[in-house]
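>>> Structure for the following, please:
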Amino acid sequence: MQHALNKTDMNTSVSAFFTRAALPSQQETLGSVALEILRSGRTLNRKAICVRLLGRIDTATSVEEEMHLQELIGLLFCE
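The predicted model follows:
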């Protein structure tokens, strides 16, 4: 049995997929932040990572990106 989607539903589904795929993974983001910190000559620690992530939230271009960064900050403080 085939499930038929109308064009609006299909376009919405495809658009949602690419929106999610456009965001980097948590590992990619943390890796990028770690490299920025180390290349700047600073010590890599929780505080430095948090400050960089907060800076990225200020320049986030979408709600999804902001949520992604907030989730990463939350990971820094869960035990």
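>>> State the number of residues packed around E36.
16 (other C-beta atoms under 10 Å). In short, each C-beta sits where N, CA and C put it, glycine included.
>>> and the host helix or strand of it, C-alpha only, in CSV?
Assigned by DSSP states H and E, E36 belongs to helix 26-39. What follows is helix 26-39, C-alpha atoms only, in CSV (Å, rounded to 0.1, in the frame of the first residue of the first chain):
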residue,chain,number,x,y,z
GLN,A,26,27.0,18.6,18.6
GLN,A,27,30.4,17.0,18.1
GLU,A,28,31.2,19.2,15.2
THR,A,29,30.2,22.4,17.0
LEU,A,30,32.1,21.5,20.2
GLY,A,31,35.1,20.5,18.0
SER,A,32,35.0,23.9,16.3
VAL,A,33,34.7,25.8,19.6
ALA,A,34,37.6,23.8,21.1
LEU,A,35,39.8,24.6,18.1
GLU,A,36,38.9,28.3,18.3
ILE,A,37,39.9,28.3,22.0
LEU,A,38,43.1,26.4,21.5
ARG,A,39,44.2,28.5,18.5
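>>> was I right about C50 contacting G74?
No: if you go by C-beta atoms under 8 Å, C50 and G74 don't touch, sitting 10.5 Å apart.
>>> still on that earlier bit, helices or strands up against the helix holding E36?
Judged by 3 or more C-beta pairs under 8 Å, 6 or more residues apart in numbering; DSSP states H and E, helix 26-39 is in contact with helix 46-58, helix 63-76.
>>> Measure how it sits relative to helix 63-76, angle-wise.
70 degrees (axes from the mean of the first three to the mean of the last three C-alpha atoms, to 10 degrees).
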